[in-house]
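# Sharing a sequence plus its predicted fold:
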Amino acid sequence: MCKCRAHKKIINALLKICDLKIILCFYYFAGMKKWIFSLFILAALFLLTAYIFIPKEITVSSTVSMKANTRGILRCLQDSSKWEKLFGNPVSENVFERDNQIYKVNQKLFGGLEVLIKNKDSFVTSVIKPLSLKYDSAAINWST
């Protein structure tokens, strides 16, 4: 290794530059830590607000109007001989299958019908109710 002063000066200058780069890198990463911490807090707040504002169970509802009165719709819903037309092929008593979904009529309600809908790995209890709109028209509401 050469021991001349010129080379020593160059080597010392390079070491100082490397030390300066290490110090600058440290300050850069210290600043990055603040940004990363800020992004982490922002993501945590986003997840927390999503957890608060989205309910555990989501209610799905659909309403269709018909040219019939409420009593006629309710009679059709309560008549077990017409359930095959509504829900599909009968599997057993009060159980029907259509499009790989199973519909089971749990109970007849005073103003509607309670139906259990089963899919591959989930099930939902729903209610079908007729709603009166005018004298000769009504709507059917099916909600979970």
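That came in fine, so what should we check first? Quick caveat: nothing in here was measured; it's all calculated off a predicted structure. Numbering: from 1, shown residues only.

# buried set for stretch 110-126?
112-113, 115-117, 126 (16 or more other C-beta atoms under 10 Å). Placement of C-beta: from N, CA and C, glycine included.

# cool, stretch 82-97 as well?
83, 86-87, 94-97.

# Output those residues as CSV; include the columns secondary structure and pLDDT.
Below are the buried residues of stretch 82-97 laid out as CSV (DSSP: H, G, I helix; E, B strand; the rest coil; pLDDT from 0 to 100):
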residue, secondary structure, pLDDT
83, helix, 81
86, helix, 81
87, helix, 81
94, coil, 84
95, strand, 85
96, strand, 86
97, strand, 85
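
# Determine which two of the buried residues of stretch 110-126 are furthest apart.
112 and 117 (14.9 Å; C-beta to C-beta).

# that older thread, kindly indicate which of the buried residues of stretch 110-126 lies nearest residue 51.
For those, the closest approach to residue 51 (C-beta to C-beta) belongs to residue 126, at 26.0 Å.
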